[in-house]
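Peer 1: I would like to see how this sequence folds:
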Amino acid sequence: MNRFTPRGIVVALPDETRNRLFSKESWHRLEQCGDVRVSPAGGALADPRVARVLAAADILVTGWGTTTQGRGLRELAPRLGALVHTAGSVRTLVDEVDLARGVAVSSQADHNARPVAEYTLAMILLGGKAVFAAQHDYRTHRAVRDGSEPPGGRGLYGLRVGIVGASRVGRRVLDLLGPFDVEVLLHDPYTNPAEAARLGARSASLEELMARCQVVSLHAPLLDATRGMITAGHLRLLPDGAIINTARGALVDQDALVAELATGRIHAVLDVTEPEVPEPASPLWTLPNVVLTPHVAGSAGNEVRRLGDGAVREVERLAHGRPLAHSIGREEFSRTA
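Peer 2: Numbering: from 1, shown residues only. This next block holds a predicted model:
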């Protein structure tokens, strides 16, 4: 891609988001790349106040809170050469036509995958040690009880872990599991057995993985093809005492999950449910075998600065005529969320 002119960098983010993303140092580095203009309407790209600014945009920096209100990016910013997204998914901003037109697209999905994978590793290790079941039993009875060993035992040695989806997060989790004495099964329709082995896992069908693993962690993207991919039948395959750790809640048949959890046979760690905040009467709020968190696995607090720094590095690459480090091509776009 050609080097961009100094006037062409537009940051279209809500003020609060922009302040969280960029330190004074990173913002200074961004300004060294050219004439940086902050959108007068925050993340609202279709606001009439932004039209003049977008008309001259060569690079557009977006993120959480950036919206097009249904209008096409090519209509809003006709000379745009690159979109640098400070968050993960870009599907609400660009489409395959934008990519075909030659707009270079970058996202911080790789950097956002890091804290999610770290959270997942923590949940796998705690689940393998049966910490969730042990703390509930201990707090309930206020004593150490004989015979309270959970089904499948308590420990990591030889633990069989199933990873569904060799996505960015899935691959990072596989890498993080490397030092531990666990056996890893992987199900991913785009990953052959040889590649699975290189990732430190054994390729398996979804049915085998669900039936054989004490801990199952879901990392498939939420697409039309994956919505509800974990059915009641799959949940019934899980061994007694197994733990299922989910990414987007809609990957799992939610009614079937609640029904299976209500039996007390399995456990779940749920960070993103469907709907994202369960209904007030949902059993998920009170079931003792559920760890329910409010979408905390992704970048938060000081981790958000990693996304801003990563976006600045991408703009620096463009300003110096270098290719994006985290570009999203047409093939990847078609199979990622």
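
Peer 1: Can you spell out which helices and strands pack onto the longest helix along the chain?
Peer 2: Taking DSSP state H as the criterion, the chain has its longest helix at helix 109-128. Packing contacts for helix 109-128, counted by 3 or more Cβ pairs under 8 Å, 6 or more residues apart in numbering; DSSP states H and E, involve strand 159-164, helix 168-176, strand 215-218, strand 243-246, strand 267-270, helix 304-319. For the C-beta atoms, the positions are set from N, CA and C on the backbone; glycine is no exception.

Peer 1: Now find how far off-centre whatever helix or strand comes next after that helix is within its chain.
Peer 2: The C-terminal neighbour of helix 109-128 among helices and strands, as given by DSSP states H and E, is helix 131-141. With Cα atoms, centre = their mean, to the nearest Å as the basis, helix 131-141 stands 30 Å off its chain's centre.

Peer 1: can I get the CA coordinates of helix 131-141 in PDB?
Peer 2: Taking Å, rounded to 0.1, in the frame of the first residue of the first chain, the C-alpha atoms of helix 131-141 are listed here in PDB:
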ATOM      1  CA  VAL A 131     -12.000 -25.700  42.800                       C
ATOM      2  CA  PHE A 132     -15.500 -24.600  42.000                       C
ATOM      3  CA  ALA A 133     -17.100 -27.700  43.400                       C
ATOM      4  CA  ALA A 134     -14.800 -27.700  46.400                       C
ATOM      5  CA  GLN A 135     -15.500 -24.100  47.400                       C
ATOM      6  CA  HIS A 136     -19.200 -24.600  47.200                       C
ATOM      7  CA  ASP A 137     -19.100 -27.800  49.200                       C
ATOM      8  CA  TYR A 138     -16.800 -26.200  51.800                       C
ATOM      9  CA  ARG A 139     -18.900 -23.000  52.200                       C
ATOM     10  CA  THR A 140     -22.100 -25.000  52.400                       C
ATOM     11  CA  HIS A 141     -21.000 -27.500  55.100                       C
END
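
Peer 1: related to what we said a few turns ago, the longest helix of the chain: which residues count as buried?
Peer 2: Residues 109-117, 119-121, 123-128 are the ones in helix 109-128 that count as buried (16 or more other Cβ atoms under 10 Å).

Peer 1: Reformat the helices and strands packed on helix 109-128 as a markdown table; add mean neighbour count.
Peer 2: As requested, the helices and strands packed on helix 109-128 are exported to a markdown table (neighbours: other Cβ atoms under 10 Å):
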| stretch | mean neighbour count |
| --- | --- |
| strand 159-164 | 26 |
| helix 168-176 | 22 |
| strand 215-218 | 27 |
| strand 243-246 | 26 |
| strand 267-270 | 23 |
| helix 304-319 | 21 |
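
Peer 1: Between those, which one is closest to residue 45.
Peer 2: If you check each of those against residue 45 by Cβ to Cβ, helix 304-319 wins as the nearest, at 16.8 Å.

Peer 1: Report all helices and strands that that closest one contacts.
Peer 2: The criterion is 3+ Cβ pairs under 8 Å, 6+ apart, and the helices and strands that helix 304-319 contacts are helix 15-21, helix 24-31, strand 59-62, strand 82-85, strand 104-106, helix 109-128.

Peer 1: and for the fifth one, what are the contacting residues?
Peer 2: Translated: strand 104-106. Applying Cβ atoms under 8 Å, 6 or more residues apart in numbering, the contact partners of strand 104-106 are 1, 81-85, 90, 94, 98-99, 311, 314, 318, 324-328, 333.

Peer 1: Worst mean pLDDT among the helices and strands packed on helix 109-128?
Peer 2: Set side by side, these show their lowest mean pLDDT on strand 243-246, which sits at a mean of 90.

Peer 1: Contacts for that strand, please.
Peer 2: With Cβ under 8 Å, 6+ apart as the contact definition, strand 243-246 has outside contacts at 120, 123-124, 127, 132, 214-218, 230, 235, 238, 252, 257, 266-272.

Peer 1: Relative to residue 138, which of the helices and strands packed on helix 109-128 is closest?
Peer 2: When the helices and strands packed on helix 109-128 are compared by Cβ to Cβ, strand 267-270 sits nearest residue 138, at 15.4 Å.

Peer 1: Which stretch among the helices and strands packed on helix 109-128 approaches residue 72 most closely?
Peer 2: Distances from residue 72 to each of these were compared by Cβ to Cβ, and the smallest falls on helix 304-319, at 21.9 Å.
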